[in-house]
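**Student:** Got a sequence here, can you model it:
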Amino acid sequence: MSAEIFKMIAYVGMIVFLNCIIAGLVDLLFLTFLSNSGDVDDVDKEEVASKCLILIIVIAAIALITSLDGALLYSALSNK
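**Tutor:** As a prediction, the model looks like this:
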């Protein structure tokens with residue numbers, strides 16, 4: 001029974017990681033549209049988009065590590 005918990009942790013970690021990849025791509029797309037226009041207000045928006053991308057990368061890294069740890073523990077505890 002405890003092995004199944006780690007299997008679910010691995011699945012949830014991978015889902016979060018894949019969602020972070022999609023969010024990062026959307027953020028990069030948003031950042032490219034902001035860099036094309038020359039408004040002064042867009043400089044602040046570019047800073048926010050850059051910080052948001054860093055946050056997305058950190059969350060994705062934590063989710064990937066969690067997913068790999070869950071998969072490793074599931075394989076170690078399962079009797080199959």
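**Student:** So for the biggest helix by length in the chain, mean pLDDT?
**Tutor:** When the chain is parsed with DSSP state H, its longest helix is helix 41-77. If you average the pLDDT over helix 41-77, you get 89.
**Student:** Give me the distance from that helix to the chain's centre.
**Tutor:** 4 Å (C-alpha atoms, centre = their mean, to the nearest Å).
**Student:** My guess is Ile57 contacts Gly24. True?
**Tutor:** Yes: here Ile57 reaches Gly24: they are 6.8 Å apart, a contact under C-beta atoms under 8 Å. C-beta here means a position set from N, CA and C on the backbone, and glycine is covered the same way.
**Student:** Between those two, point out the one with more neighbours.
**Tutor:** Counted by other C-beta atoms under 10 Å, Ile57 and Gly24 do not tie: Gly24 has more neighbours, with 17 against 14.
**Student:** Quick one: residues contacting that one.
**Tutor:** By C-beta atoms under 8 Å, 6 or more residues apart in numbering, the residues touching Gly24 are 53, 56-57, 60.
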